[in-house]
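J.: Quick one, structure for this:
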Amino acid sequence: MIQATGVILAGGKSVRMGIDKAFLKVGPQGMIEHIAGELKKVFSEVLISGGDPEIGRNLGLRVLADLIEGKGALCGIHSALHGALHDKILVVACDMPFITARLARLMMQQLKGYDIAVPRHGIYLQPLFAAYSRSCLPAIEKYLSEGRIKIDGFYPLVRVNYVDMESICSSADIETVFFNVNTPVDLNKAREIAKRKDM
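T.: Alright, predicted model coming up:
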């Protein structure tokens, strides 16, 4: 068990889905239930940042409200870094139904010596499946105070390990692992993937 905190970001509005997507099922479980189960295999603490406190009660997890409201996912990361029991966290969006405990553990190993470890796949970053240290807080707060909210916009202010996913997890299907469920079409696709994976 790693002495760090697994954080599920659940504060989004689910506008494109039309309903709260956290408990939508992909395979036998709701997405957030699957994510919580995988994180509990790795982290000594798992919590939810943002979202309805009822979600936390259903899962037996602590829910943190945003300390700064209306600034998107970066505010969820900010609140998690303030409220987590540990200095290091792994952030996971609640709509990523294929993340695994193994990949979570690998990402935390990449944080050593850095403020952030973020997966990079080609030209794309995955800041909502990334490891962050509490040492990021001054940079995040400065960035938010300037009215900026793009998650990776503050990265130049801190030490970042841009992790080439193929190099640390060559056996994983990266396209599937980082699949996000944002729309009903995405949900149907995720369910088809889950059937192929026998989830």
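J.: pLDDT score for Met110?
T.: Quick fix: residue 110 reads Gln, not Met. Model confidence at Gln110, given as pLDDT, is 95.
J.: could you list every residue that touches it?
T.: Taking Cβ atoms under 8 Å, 6 or more residues apart in numbering as the definition of contact, the neighbours of Gln110 are 117, 131, 161, 163, 168. All C-beta atoms are positioned from the backbone trio N, CA, C, and that covers glycine.
J.: Please list all residues in contact with the third one.
T.: Looking back up the chat, that one is Asn161. 110-111, 113-114, 116-118.
J.: Could you look up the SS state of Leu111?
T.: The local conformation at Leu111, judged by DSSP: H, G, I helix; E, B strand; the rest coil, is coil.
J.: measure it to Val185 for me?
T.: When Cβ to Cβ, to the nearest Å is the yardstick, Leu111 and Val185 sit 34 Å from each other.
J.: Looking at these two, which one has more neighbours?
T.: Neighbours per residue (other Cβ atoms under 10 Å) separate Leu111 from Val185, with Leu111 holding more: 21 against 10.
J.: partner residues bridging Thr5?
T.: According to DSSP bridges, the residues that bridge with Thr5 are Glu45, Ile89.
J.: Show me what counts as buried in the helix or strand bottoming out on mean pLDDT in the chain.
T.: The least trusted helix or strand in the chain, going by mean pLDDT, DSSP states H and E, turns out to be helix 165-168, with a mean of 74. Taking 16 or more other Cβ atoms under 10 Å as the neighbour-count basis, helix 165-168 is seen to contain the buried residues Met165.
J.: Pull out the buried positions in the lengthiest helix in the chain.
T.: Of all segments of type helix in the chain, defined using DSSP state H, the longest is helix 184-197. For helix 184-197, a neighbour-count test (16+ other Cβ under 10 Å) marks 186-187, 190-191, 193-194 as buried.
J.: Averaged pLDDT, it. What do you get?
T.: For helix 184-197, the per-residue pLDDT values average out at 88.
J.: ditto for stretch 122-129
T.: The predicted model assigns stretch 122-129 a mean pLDDT of 91.
J.: That stretch: end-to-end distance?
T.: The first and last residues of stretch 122-129 sit 16 Å apart, counting by Cα to Cα, to the nearest Å.
J.: do stretch 144-155 as well
T.: Its start and end residues considered, stretch 144-155 measures 13 Å (Cα to Cα).
J.: remind me which residues of this protein are low pLDDT?
T.: Counting by pLDDT under 70, the chain contains low-confidence residues at 12-20, 168, 170-172, 198-199.
J.: what's the farthest-apart pair in the contacts of Gln110?
T.: The most widely separated members of the contacts of Gln110 are Ala131 and Ile168, with 12.4 Å between them, by Cβ to Cβ.
J.: which of the buried residues of helix 184-197 lies closest to Tyr124?
T.: Closest to Tyr124 out of those is Asp186 (16.5 Å), distances taken as Cβ to Cβ.
J.: Tell me how far Ile140 lies from Ala4.
T.: Remark: distance between Ile140 and Ala4 (Cβ to Cβ) = 18 Å.
J.: Would you map the helices across the chain?
T.: Assigned by DSSP H, the helices in the chain fall at 31-40, 53-59, 73-83, 101-109, 137-145, 165-168, 174-177, 184-197.
J.: Cheers, nothing more for now.
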